[in-house]
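>>> build the 3D model from these lines:
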Amino acid sequence: SSHNHEAPDVVGLWGPTPVSSGVDPKYLDLVIERTVQAIREAEKAAQPVTARYGTARDDSLLKDGRLPTVFDGVLRAVRLDGAQGKPAGLIVQWNCHPESLGSENTEITADFLWATAAQLEKRYGCPVVLLTGAVGGLMTNPAVIKDDEGGELRDEQFRFAEVFGGRVAKLAEGSA
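Purely as a prediction, here's the structure:
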């Protein structure tokens with residue numbers, strides 16, 4: 001994913017003091033190394049594809065935490081189909097800060113995006129790239145959602161992130 005509030009600082013904004021970087025150079029080297037490795041693997045596996053673009057909208061999956069309230073509830077997706085129309089990749093752009101686990105979370109996670117990617121990878125059998133789009137003043141998830149049984153789930157819980165991520169994946173399935 002291109003944006004995550006539940007992972008190590010790679011920009012330098014979250015250090016121990018306002019004037020100290022929060023970047024761990026060894027972790028940043030690992031990110032660079034793995035990115036280069038992924039690009040090389042992708043280049044070796046390159047194949048012709050046909051791109052299909054789609055959108056889906058669900059304003060109930062977002063809120064703007066700052067005034068003025070302005071947000072974009074449109075999810076955008078590009079499905080890349082290879083031979084015989086089989087999905088070769090999926091690119092999903094959703095306008096929501098991945099911060100549903102809250103500032104007290106000490107676990108390194110992909111927040112709700114792990115559930116979105118896992119569901120889409122299972123459904124389409126291909127790699128998924130998630131991009132965070134325009135997040136406005138503070139476009140984020142609602143604080144409470146209901147699970148499939150009608151029970152309330154609050155953000156800052158892993159079950160919330162799982163269910164919310166699944167809802168975003170379902171929205172993406174409706175676009176691709």
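>>> give me the neighbour count for F164.
25 (other C-beta atoms under 10 Å). Any C-beta I mention is one placed from the backbone N, CA and C, and that applies to glycine too.
>>> ok, now which ones touch it?
By C-beta atoms under 8 Å, 6 or more residues apart in numbering, the contact set of F164 is 61, 100, 112, 115, 141, 145, 153, 155.
>>> in this structure, where's the longest helix?
Scanning the chain for the longest helix, with DSSP state H as the assignment, gives helix 25-44.
>>> buried sites along the helix or strand following that one?
Sequence order places strand 50-57 as the next helix or strand after helix 25-44, per DSSP states H and E. For strand 50-57, the neighbour count (16 or more other C-beta atoms under 10 Å) marks A56 as buried.
>>> direction included, what does strand 50-57 pair up with?
strand 74-81 (antiparallel) (DSSP bridges).
>>> show me the residue at the heart of this structure, geometrically.
The centroid of the chain falls nearest to L113 when counting by C-alpha atoms, centre = their mean (3.8 Å).
>>> quick check: the gap between that residue and R40.
Counting by C-beta to C-beta, to the nearest Å, the gap from L113 to R40 is 24 Å.
>>> do L120 as well
Taking C-beta to C-beta, one finds L120 at 24 Å from R40.
>>> surely D72 and C96 touch.
No: taking contacts as C-beta atoms under 8 Å, D72 lies outside contact range of C96: 9.8 Å.
>>> which neighbours do those two have in common?
The contact lists of D72 and C96 share M139, where a contact means C-beta under 8 Å, 6+ apart.
>>> before I go, just wanted to say thanks for your time.
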